[in-house]
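K.L.:
Quick check, what structure comes out for this input:
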Amino acid sequence: MTAPEALAFDMYGTLVDPIEISDRLAEYLPENALRVAEIWRQTQLELSWRVTLMERYESFEALTRKALDHALAAVGRTLDVEQKEALMARYGQLERFPDVIPGLKRLRQAGHAMVVFSNGNPSMLAATMSSAELDSYFDDVISVEEVGRYKPAPAAYLHVASRLGRPIEDVRLVSSNPFDDVGAEAAGMKAAWVNRSGGLFDPLGPPPEIVVETLTELADALAAR
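P.N.:
Below is the predicted model:
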């Protein structure tokens, strides 16, 4: 029998909820919390894409700090150093989505090799893995820091396939971020889109063959193949 395909899971937005940090922001900015959380997340991603295009690398933590400052400036607010450090600490304690553990258990039982594959730098990922109690479900945690290119750069996807010791076509990215799914398929990897928001897919490519709303649905879809 052919071994089940390897699964590479995105972290932020797929396993844990980065917008949930708005709850902590509400302690400081009750009228702007959700808006700041959304701008913070979008700017964080945009900065990662831009430094990659410029063939530079800055840690995801550094970009996250810069993105927070930008989000605050966008709504005309400031926070003191202690408050910003508390928010950064909270970023390492983001809550997992309710379907994550049931889905991961089923996927593990089905024999899939499973790794986390994230833009996050190792210290951020270690904190989140521990806080969300995810360590026991994954064989490894792979950061793009190892290759110095953020997703969706092809080098990032090629690197995770190499780390898994699999041909890239035998690895499936599991991500809620459409740009990530498009990037994976452009590099030759399979993809599954976890459409948690009910939003639109990326205009640069069609949705992947597997589109689900939860990881338990993903387990069903892969079992049926």
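K.L.:
Going by C-alpha atoms from here, please, whenever you check contacts or count neighbours.
P.N.:
OK.
K.L.:
and after the top helix by length along the chain, which helix or strand comes next?
P.N.:
Determined from DSSP state H, the single longest helix within the chain is helix 33-53. Of the helices and strands lying after helix 33-53 in sequence (DSSP states H and E), the nearest is helix 60-74.
K.L.:
Kindly export that following helix (C-alpha atoms) in CSV.
P.N.:
What follows is helix 60-74, C-alpha atoms only, in CSV (Å, rounded to 0.1, in the frame of the first residue of the first chain):
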residue,chain,number,x,y,z
PHE,A,60,8.5,37.1,11.8
GLU,A,61,8.6,38.5,15.3
ALA,A,62,10.3,41.6,14.1
LEU,A,63,7.7,42.0,11.3
THR,A,64,4.9,41.4,13.8
ARG,A,65,6.1,44.2,16.0
LYS,A,66,6.4,46.6,13.0
ALA,A,67,2.9,45.5,11.9
LEU,A,68,1.5,46.3,15.3
ASP,A,69,3.0,49.8,15.3
HIS,A,70,1.5,50.4,11.8
ALA,A,71,-1.9,49.1,12.9
LEU,A,72,-2.0,51.4,15.9
ALA,A,73,-0.9,54.4,13.7
ALA,A,74,-3.6,53.6,11.2
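K.L.:
if I pick the nearest residue to Ser143 once chain neighbours are set aside, what's in contact with it?
P.N.:
Residue nearest to Ser143 in three dimensions, not counting chain neighbours: Ser118, with 5.2 Å by Cα to Cα, 6 or more residues apart in numbering. Shown in contact with Ser118 (Cα atoms under 8 Å, 6 or more residues apart in numbering): Phe9, Asp10, Met11, Tyr12, Val141, Ile142, Ser143, Val144.
K.L.:
Just the ones in strands from those, please.
P.N.:
The members of the contacts of Ser118 that map onto strands under DSSP state E are Phe9, Val141, Ile142, Ser143.
K.L.:
Go through those residues and name the one nearest Trp193.
P.N.:
For the ones in strands among the contacts of Ser118, the residue nearest Trp193 by Cα to Cα is Phe9; the value is 10.6 Å.
K.L.:
Give me the pLDDT value at the closest one.
P.N.:
pLDDT, Phe9: 98.
K.L.:
And the one 5 residues further on, by the same measure?
P.N.:
pLDDT for Thr14: 98.
K.L.:
pretty sure Ala127 belongs to a helix, no?
P.N.:
Yes - assessed by DSSP: H, G, I helix; E, B strand; the rest coil, Ala127 belongs to a helix.
K.L.:
wait, it sits on Arg90?
P.N.:
No - between Ala127 and Arg90 there is no contact under Cα atoms under 8 Å: 9.8 Å.
K.L.:
Turn the ones in strands among the contacts of Ser118 into TSV, including neighbour count and distance to Asp202.
P.N.:
Listed next are the ones in strands among the contacts of Ser118 as TSV, based on neighbours: other Cα atoms under 10 Å; distance: Cα to Cα, whole Å:
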residue	neighbour count	distance to Asp202
Phe9	23	19
Val141	19	26
Ile142	24	24
Ser143	24	23
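K.L.:
Just the closest of the residues you listed to Ala219, please.
P.N.:
Distances from Ala219 to these, taken by Cα to Cα, are shortest for Phe9, at 13.2 Å.
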